[in-house]
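> Sequence first, then the predicted structure:
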Amino acid sequence: MFGRYPQFDDPSFFKMGLGCARIGSMTGPSPAEAEALLRRARELGVTVFDTARSYGQGDSERVLGRVMKGDPDAFIITKLGKIVPLKARVLRPVKSLVRSFGKRSNRVSGAVTRARGGLLPVSFERRVLQSQLDHSRRALGRDTLDAVMLHSVSAAVLQRGDAMDFLEAAQKGGAINILGVSVDDIAAAQASLEDPRITLIQAPLYVGDEEMRTWCRKAKQRGKIVVAREVFRRVEGSPPDMSAPAMRAVIDRNMADDAVGVCLVGTTKTRHLDELVALARRASS
């Protein structure tokens, strides 16, 4: 296992990780396709996988748990705090049927998107965190989770400290190895630097967001490990440029930036994964 993270600072550590938000989703790959994608990622040397209790109504964790069972080198980050509403949970038993029709019908796909709703509600109440932690341990098949983050936590919640108190108690009880947070804005990112219990900080690092990139350097100086996500999005809100030169430039910059500990990419296609890993390997050589 990663222990106390020596590999994150090891020059040989491959810092591209796979974001698994679409794994288990009704509009994502089938279970067989998802498992093939994850196995291919491991074949390519990817060791970091990012999921959450809310992804795929919990199925993202379940698929990861099946595929990574017994794999000592697979490092899984999961996140707690977002709540899947009932109207989305009731679709889970018919997910495969919905997925099949959704791939053939834009109308069905649109209806699924509307049923899932927009931004998920967030709660960091102790009872919610405890319930989600228990479910994550079962789904991932691990008594001790590699890393657990508070999902989309705000600066106010971090400053209050009670949610981190819960994670710290769970860590001391042996349920969690590494503590972290996933933040959505610079205010929460700044607040996360003040809590010594936080080691991993996941943050959006859009193309052109120099404020957040400067924060990454500050985080590294504080001994934090930055997990960069949404690296292809643009700070001005225009659609991501997914042309080969633009993708290469993004990968090159983040792989070369020693303030970025892990660079997450998201894909549901093994071919696309092959291309991204090849770019990252070239940037690392």
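That came through, no problem. Numbers count the residues shown, from 1 in each chain.

> residue contacts, the spatially most central residue of the chain?
In the chain, the centroid-proximal residue (CA atoms, centre = their mean) is residue 50; its distance is 3.2 Å. Residues in contact with residue 50 (CB atoms under 8 Å, 6 or more residues apart in numbering) are 17-21, 77, 202, 227, 229, 264. C-betas here are computed from N, CA, C, even on glycine.

> now with 10 Å?
By CB atoms under 10 Å, 6 or more residues apart in numbering, the residues touching residue 50 are 17-21, 60, 64, 75-79, 147, 149, 182, 202, 227, 229, 262, 264-266.

> can you pull out the strands in the stretch 1-150 of the chain?
Applying DSSP state E, counting those that start in this stretch to the stretch 1-150 of the chain gives strands spanning 16-19, 48-50, 75-80, 145-150.

> mind checking which of these is nearest residue 243?
Across the strands of the stretch 1-150 of the chain, residue 243 has its closest neighbour in strand 16-19 (19.3 Å, CB to CB).

> Show me what the closest one packs onto, helices and strands only.
helix 31-43, strand 48-50, strand 75-80, strand 225-229, helix 244-256, strand 262-266, helix 270-284 (3 or more CB pairs under 10 Å, 6 or more residues apart in numbering; DSSP states H and E).

> can I get the ones you listed in JSON lines with mean pLDDT and distance to residue 122?
Formatted as JSON lines, the helices and strands packed on strand 16-19 follow (pLDDT from 0 to 100; distance: least, CB to CB, whole Å):
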{"stretch": "helix 31-43", "mean pLDDT": "96", "distance to residue 122": "25"}
{"stretch": "strand 48-50", "mean pLDDT": "97", "distance to residue 122": "18"}
{"stretch": "strand 75-80", "mean pLDDT": "97", "distance to residue 122": "10"}
{"stretch": "strand 225-229", "mean pLDDT": "97", "distance to residue 122": "17"}
{"stretch": "helix 244-256", "mean pLDDT": "96", "distance to residue 122": "27"}
{"stretch": "strand 262-266", "mean pLDDT": "96", "distance to residue 122": "20"}
{"stretch": "helix 270-284", "mean pLDDT": "95", "distance to residue 122": "30"}
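
> In a markdown table: those, plus distance to residue 68.
As requested, the helices and strands packed on strand 16-19 are arranged in a markdown table below (distance: least, CB to CB, whole Å):
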| stretch | distance to residue 68 |
| --- | --- |
| helix 31-43 | 7 |
| strand 48-50 | 7 |
| strand 75-80 | 6 |
| strand 225-229 | 18 |
| helix 244-256 | 24 |
| strand 262-266 | 16 |
| helix 270-284 | 16 |
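
> among these, which is nearest residue 218?
strand 225-229 (9.9 Å).
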